[in-house]
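Trainee: sequence and predicted structure are below.
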Amino acid sequence: MKILVAITGASGALYAQRLLDNLDPRAHEVHVVLSNYAQQVIAEELPGGLRLPEGVKTHNLKSMNAPFASGSNPPDVMVVIPCTMGTMGRIAHGYSEDVLLRAADVVLKERKKLILVPRETPLSLVHVKNMELLLLAGAIIMPANPSFYAGAKTIIELVDTVVARVLDHLGVPNRLAPRWTEEKE
Ligand SMILES: Cc1cc2nc3c(=O)[nH]c(=O)nc-3n(C[C@H](O)[C@H](O)[C@H](O)COP(=O)(O)O)c2cc1C
C-alpha cells in the first residue's frame, strides 16, 4: 500500500509517532508531510523530536513536487494524525494551497481513503459542520479518543488504543491494543 501520513499542529504528536512506529516501510510505501505548526507541537510534546523509521519518505509542505499532489498518482490511503480543526476546515472547503491540503483534496476526489484523527474539545458548530461535510465527501473521522476498557497502564498504551483502530481502518494487521473479549497478551 502507498500510505501518506500527514501530521498537523494539534496536541497529540504521540499518535503520529506511534502510527509511524507501527508502519513497516518495507511492507508499505510510507510518505510523511508535516504542517508548519506540527513542528511546534512536536517540539512541545515529543522529547527528542519525531523519529522517522528508515525508509519513510518525507516531503516539503510547500512543494507540489510530490506524487500525491496529482490525481494521477494518489496514495491508497491518507491519514491526518493528529488533525487540527484548522486543517479539517481547510480540507472540508477544498483549500489546496500546500501539498498536505492538496493531497487530501486529491484523495477525496479520487475516492481513496482519507482518515482524519481530530483532536479538540469542546467542538463548535463550525467543527461539527466541517465534519459533516467531510463524512458526506467520504472521509473517515476517528477522533483521538482513547478507550479505557483494556486497562492501559501507560500513556503509550492509551495512545495505542486509538492508533490500533487507525491501523484497522488502514487495513494493516495489528495486535497493538487488546480487542474486546480477547485475552490480554
Ligand atoms: C501546543 C499546541 C497545541 C495545540 N493543540 C491543538 C489541538 O489540539 N487542536 C487544534 O485544532 N489546534 C491546536 N493547536 C492550534 C493549531 O496548532 C493552530 O490552529 C495552527 O494554526 C494549526 O495549523 P495546521 O492545521 O496547519 O497544523 C495547538 C497549538 C499549539 C501550539
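Mentor: That came through, no problem.

Trainee: how about the strands in the chain?
Mentor: Assigned strands in the chain, in chain order: 2-7, 29-34, 57-59, 77-83, 113-118, 140-141 (criterion: DSSP state E).

Trainee: what strands flank the shortest one, and is each parallel or antiparallel?
Mentor: When you say that, I think you mean strand 140-141. Sheet pairing of strand 140-141 (DSSP bridges) gives strand 113-118 (parallel).

Trainee: could you check the angle strand 77-83 makes with the partner strand?
Mentor: 10 degrees (axes from the mean of the first three to the mean of the last three C-alpha atoms, to 10 degrees).

Trainee: near the ligand, which residues of this structure? Just list them.
Mentor: Contact residues (C-beta under 6 Å from any ligand atom) of the chain with the ligand: 8-11, 35-38, 40-41, 44, 84-87, 119-120. Backbone N, C-alpha and C define where each C-beta goes, glycine included.

Trainee: residue 81 - how many residues pack around it?
Mentor: Number of residues near residue 81 (other C-beta atoms under 10 Å) recorded here: 28.

Trainee: number the chain from 7, please
Mentor: With the count now opening at 7, the last piece we talked about shows up as residue 87.

Trainee: does it touch residue 124 like I think?
Mentor: No. The criterion here is C-beta atoms under 8 Å, and residue 87 misses it with residue 124 at 9.3 Å.

Trainee: what do the two both touch?
Mentor: residue 150 (C-beta atoms under 8 Å, 6 or more residues apart in numbering).

Trainee: burial measure for residue 163, as a count.
Mentor: Applying other C-beta under 10 Å, we find 16 other residues in the vicinity of residue 163.

Trainee: got a list of what it touches?
Mentor: Applying C-beta under 8 Å, 6+ apart as the definition, the contact partners of residue 163 turn out to be 156, 183.

Trainee: check the gap between it and the ligand for me.
Mentor: Remark: distance between residue 163 and the ligand (C-beta to the nearest ligand atom, to the nearest Å) = 21 Å.

Trainee: pull the number of nearby residues for the residue in the chain that the ligand sits nearest to.
Mentor: Residue nearest to the ligand within the chain (C-beta to the nearest ligand atom): residue 15, separated by 2.8 Å. Per other C-beta under 10 Å, the neighbour tally for residue 15 reads 20.

Trainee: again with the one 4 residues further on
Mentor: The criterion is other C-beta under 10 Å. On that basis, residue 19 has 25 neighbouring residues.

Trainee: just residue 42 next, same as before
Mentor: For residue 42, the tally of surrounding residues (other C-beta under 10 Å) stands at 12.

Trainee: which one is it nearest to, not counting chain neighbours?
Mentor: Ranked by C-beta to C-beta, 6 or more residues apart in numbering and with sequence neighbours excluded, the top spatial neighbour of residue 42 is residue 67, at 6.7 Å.

Trainee: can you pull the pLDDT of the nearest residue to residue 133 once chain neighbours are set aside?
Mentor: The spatial neighbour of residue 133 that comes closest, neighbours along the chain excluded (C-beta to C-beta, 6+ apart), is residue 91 at 5.3 Å. The score at residue 91 is 98. That number is its pLDDT.
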